[in-house]
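1. Could you look at this predicted model? Sequence included:
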Amino acid sequence: MEQESRLAGTVRPGGRTAKVRAAVLTATQDELVERGFHGLSMDQVAARAGVGKTTVYRRWGTPSGLVADLMNELADESSPHADTGTVEGDLRANALSVLQAVTDPRLGATFQAVIAAATCDEEAAKALRAFYGRRVEEWAKAVDRAVGRGELPPGTDAKEVIRAVSAPLYYRLLVTREPVTAEAAERSALRALAAARAGAFAEGA
(Lines give C-alpha, C1' and ligand atoms only; values in the text may rest on other atoms or scores of the structure.)
Protein backbone atom coordinates (compact mmCIF):
# COMPACT_ATOMS: atom_id res chain seq x y z
CA MET A 1 0.00 0.00 0.00
CA GLU A 2 2.85 2.37 0.90
CA GLN A 3 4.53 1.69 -2.44
CA GLU A 4 1.25 2.36 -4.23
CA SER A 5 0.98 5.69 -2.42
CA ARG A 6 4.47 6.73 -3.44
CA LEU A 7 3.81 5.80 -7.03
CA ALA A 8 0.57 7.76 -6.97
CA GLY A 9 2.54 10.85 -6.06
CA THR A 10 4.56 10.55 -9.25
CA VAL A 11 1.54 10.59 -11.58
CA ARG A 12 0.96 13.95 -13.26
CA PRO A 13 -2.55 15.00 -12.24
CA GLY A 14 -4.62 17.91 -13.49
CA GLY A 15 -6.83 20.65 -12.04
CA ARG A 16 -6.95 21.03 -8.27
CA THR A 17 -4.90 17.87 -7.81
CA ALA A 18 -2.10 19.44 -9.83
CA LYS A 19 -2.21 22.53 -7.60
CA VAL A 20 -1.98 20.35 -4.50
CA ARG A 21 1.00 18.49 -5.95
CA ALA A 22 2.75 21.73 -6.88
CA ALA A 23 2.20 23.17 -3.40
CA VAL A 24 3.44 20.00 -1.71
CA LEU A 25 6.57 19.76 -3.88
CA THR A 26 7.37 23.45 -3.29
CA ALA A 27 6.98 22.90 0.44
CA THR A 28 9.14 19.77 0.24
CA GLN A 29 11.93 21.70 -1.46
CA ASP A 30 11.63 24.53 1.08
CA GLU A 31 11.94 22.05 3.93
CA LEU A 32 14.91 20.29 2.33
CA VAL A 33 16.73 23.60 1.88
CA GLU A 34 16.05 24.70 5.45
CA ARG A 35 16.24 21.43 7.39
CA GLY A 36 17.86 18.78 5.19
CA PHE A 37 16.50 15.33 4.49
CA HIS A 38 16.63 14.13 8.10
CA GLY A 39 14.57 17.13 9.16
CA LEU A 40 11.97 16.54 6.46
CA SER A 41 8.60 16.06 8.17
CA MET A 42 5.45 14.96 6.39
CA ASP A 43 3.34 16.97 8.85
CA GLN A 44 5.43 20.10 8.36
CA VAL A 45 5.28 19.76 4.59
CA ALA A 46 1.50 19.46 4.76
CA ALA A 47 1.23 22.52 6.99
CA ARG A 48 3.55 24.54 4.79
CA ALA A 49 1.67 23.53 1.64
CA GLY A 50 -1.70 24.29 3.23
CA VAL A 51 -3.08 20.81 2.59
CA GLY A 52 -4.33 18.04 4.84
CA LYS A 53 -1.83 15.63 6.38
CA THR A 54 -3.97 12.71 5.21
CA THR A 55 -3.53 13.81 1.60
CA VAL A 56 0.25 13.95 1.90
CA TYR A 57 0.53 10.58 3.64
CA ARG A 58 -1.88 8.91 1.23
CA ARG A 59 -0.23 10.16 -1.98
CA TRP A 60 3.47 10.19 -1.05
CA GLY A 61 3.69 7.73 1.84
CA THR A 62 7.07 8.76 3.27
CA PRO A 63 9.61 11.60 3.12
CA SER A 64 11.46 9.49 0.56
CA GLY A 65 8.33 9.44 -1.58
CA LEU A 66 8.23 13.23 -1.47
CA VAL A 67 11.88 13.42 -2.49
CA ALA A 68 11.38 10.98 -5.36
CA ASP A 69 8.52 13.03 -6.78
CA LEU A 70 10.42 16.29 -6.31
CA MET A 71 13.43 14.94 -8.19
CA ASN A 72 11.14 13.70 -10.96
CA GLU A 73 9.64 17.19 -11.23
CA LEU A 74 13.08 18.86 -11.28
CA ALA A 75 14.14 16.53 -14.09
CA ASP A 76 11.02 17.49 -16.05
CA GLU A 77 11.80 21.18 -15.53
CA SER A 78 15.47 20.88 -16.55
CA SER A 79 16.57 22.51 -19.78
CA PRO A 80 17.17 20.27 -22.82
CA HIS A 81 20.70 19.57 -24.00
CA ALA A 82 22.50 22.26 -25.96
CA ASP A 83 22.96 22.16 -29.73
CA THR A 84 25.69 24.68 -30.48
CA GLY A 85 26.89 22.92 -33.61
CA THR A 86 30.18 21.69 -32.11
CA VAL A 87 31.00 19.16 -29.44
CA GLU A 88 33.22 21.70 -27.67
CA GLY A 89 30.37 24.17 -27.45
CA ASP A 90 27.96 21.51 -26.25
CA LEU A 91 30.29 20.21 -23.51
CA ARG A 92 30.99 23.73 -22.33
CA ALA A 93 27.24 24.32 -22.17
CA ASN A 94 26.84 21.12 -20.17
CA ALA A 95 29.49 22.20 -17.68
CA LEU A 96 27.83 25.60 -17.39
CA SER A 97 24.44 23.99 -16.70
CA VAL A 98 25.97 21.95 -13.86
CA LEU A 99 27.70 25.06 -12.52
CA GLN A 100 24.47 27.05 -12.53
CA ALA A 101 22.56 24.24 -10.82
CA VAL A 102 25.01 23.60 -7.98
CA THR A 103 25.68 27.27 -7.28
CA ASP A 104 22.01 28.30 -7.28
CA PRO A 105 21.13 28.92 -3.61
CA ARG A 106 17.87 26.97 -3.72
CA LEU A 107 18.61 24.29 -6.28
CA GLY A 108 22.15 23.68 -5.06
CA ALA A 109 20.97 23.26 -1.47
CA THR A 110 18.29 20.84 -2.67
CA PHE A 111 20.82 18.68 -4.49
CA GLN A 112 23.19 18.64 -1.53
CA ALA A 113 20.38 17.57 0.80
CA VAL A 114 19.28 14.75 -1.52
CA ILE A 115 22.86 13.62 -2.15
CA ALA A 116 23.44 13.47 1.61
CA ALA A 117 20.20 11.51 2.03
CA ALA A 118 21.25 9.06 -0.69
CA THR A 119 24.15 7.86 1.45
CA CYS A 120 21.78 6.35 4.00
CA ASP A 121 18.34 6.05 2.40
CA GLU A 122 17.81 3.70 -0.53
CA GLU A 123 14.66 5.46 -1.77
CA ALA A 124 16.50 8.77 -1.87
CA ALA A 125 19.38 7.06 -3.67
CA LYS A 126 16.97 5.67 -6.29
CA ALA A 127 15.45 9.12 -6.79
CA LEU A 128 18.89 10.66 -7.23
CA ARG A 129 19.98 7.97 -9.71
CA ALA A 130 16.79 8.44 -11.69
CA PHE A 131 17.28 12.21 -11.84
CA TYR A 132 20.88 12.08 -12.99
CA GLY A 133 20.15 9.16 -15.30
CA ARG A 134 17.64 11.30 -17.15
CA ARG A 135 19.95 14.30 -17.29
CA VAL A 136 22.93 12.27 -18.54
CA GLU A 137 20.78 10.55 -21.16
CA GLU A 138 19.50 13.91 -22.37
CA TRP A 139 22.98 15.45 -22.74
CA ALA A 140 24.44 12.26 -24.24
CA LYS A 141 22.47 13.11 -27.39
CA ALA A 142 24.91 15.97 -28.02
CA VAL A 143 27.87 13.56 -27.88
CA ASP A 144 26.15 11.08 -30.18
CA ARG A 145 25.66 13.88 -32.70
CA ALA A 146 29.35 14.74 -32.43
CA VAL A 147 30.26 11.12 -33.23
CA GLY A 148 27.96 11.29 -36.24
CA ARG A 149 29.70 14.47 -37.42
CA GLY A 150 33.10 12.82 -37.07
CA GLU A 151 34.22 15.04 -34.20
CA LEU A 152 34.70 12.08 -31.86
CA PRO A 153 35.80 8.47 -32.49
CA PRO A 154 33.21 5.85 -33.42
CA GLY A 155 32.06 3.84 -30.42
CA THR A 156 32.46 6.72 -27.99
CA ASP A 157 30.39 6.12 -24.86
CA ALA A 158 28.33 9.31 -24.84
CA LYS A 159 27.08 8.94 -21.28
CA GLU A 160 30.59 8.47 -19.93
CA VAL A 161 31.72 11.67 -21.65
CA ILE A 162 28.91 13.62 -19.97
CA ARG A 163 29.72 12.06 -16.60
CA ALA A 164 33.36 13.07 -17.07
CA VAL A 165 32.32 16.69 -17.51
CA SER A 166 30.34 16.90 -14.29
CA ALA A 167 32.33 14.55 -12.02
CA PRO A 168 35.14 17.01 -11.13
CA LEU A 169 32.57 19.68 -10.32
CA TYR A 170 30.67 17.44 -7.92
CA TYR A 171 33.99 16.36 -6.39
CA ARG A 172 34.75 19.99 -5.57
CA LEU A 173 31.24 20.54 -4.25
CA LEU A 174 30.93 17.45 -2.05
CA VAL A 175 34.41 16.13 -1.23
CA THR A 176 36.98 18.92 -1.14
CA ARG A 177 34.37 21.65 -0.53
CA GLU A 178 36.17 23.98 -2.92
CA PRO A 179 34.27 26.69 -4.80
CA VAL A 180 32.70 25.46 -8.02
CA THR A 181 33.73 28.24 -10.38
CA ALA A 182 33.30 29.10 -14.04
CA GLU A 183 37.01 28.40 -14.53
CA ALA A 184 36.63 24.92 -13.00
CA ALA A 185 33.65 24.22 -15.25
CA GLU A 186 35.61 25.32 -18.32
CA ARG A 187 38.58 23.10 -17.42
CA SER A 188 36.31 20.13 -16.78
CA ALA A 189 34.63 20.45 -20.17
CA LEU A 190 37.90 20.84 -22.08
CA ARG A 191 39.60 17.93 -20.30
CA ALA A 192 36.66 15.64 -20.97
CA LEU A 193 36.73 16.75 -24.61
CA ALA A 194 40.47 16.09 -24.93
CA ALA A 195 40.03 12.60 -23.48
CA ALA A 196 37.08 11.88 -25.74
CA ARG A 197 38.99 13.01 -28.85
CA ALA A 198 41.88 10.77 -27.83
CA GLY A 199 39.55 7.78 -27.73
CA ALA A 200 39.50 7.36 -23.93
CA PHE A 201 35.74 6.75 -23.98
CA ALA A 202 35.62 4.56 -27.09
CA GLU A 203 34.84 0.86 -26.96
CA GLY A 204 37.89 -1.16 -26.01
CA ALA A 205 39.79 1.85 -24.67
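-> Perfect, thanks for sending it. Bear in mind that the values here come from a model prediction, so they are computed numbers and not experimental data.
2. For the rest of this, base every contact and every neighbour count on C-alpha atoms.
-> OK.
3. Which residue ranges make up the domains of this protein?
-> 2-65, 78-197 (automatic domain parsing).
4. Pretty sure Ala184 sits against Tyr171.
-> No: in this structure Ala184 lies outside contact range of Tyr171 using CA atoms under 8 Å: 11.1 Å.
5. These two: who's more crowded?
-> Ala184 (16 against 13; other CA atoms under 10 Å).
6. got a list of what the more buried one touches?
-> Residues near Ala184 by CA atoms under 8 Å, 6 or more residues apart in numbering: Leu169.
7. Show me what counts as buried in whichever strand or helix holds it.
-> Applying DSSP states H and E as the criterion places Ala184 in helix 182-197. Of the residues in helix 182-197, 184-190, 192-193, 196-197 count as buried by neighbour count, 16 or more other CA atoms under 10 Å.
8. which of the residues you listed lies closest to Ala82?
-> Checking the buried residues of helix 182-197 against Ala82 with CA to CA, the nearest one is Ala189 at 13.6 Å.
9. how near is that closest one to Arg58?
-> Ala189 sits 44 Å away from Arg58, going by CA to CA, to the nearest Å.
10. next one: Leu193
-> Separation of Leu193 from Arg58 (CA to CA): 47 Å.
11. Pull out the buried positions in the longest helix seen in the chain.
-> Counting residues, the longest helix in the chain under DSSP state H turns out to be helix 122-149. Across helix 122-149, burial judged by 16+ other CA under 10 Å covers 123-125, 127-128, 130-131, 135-136, 138-147.
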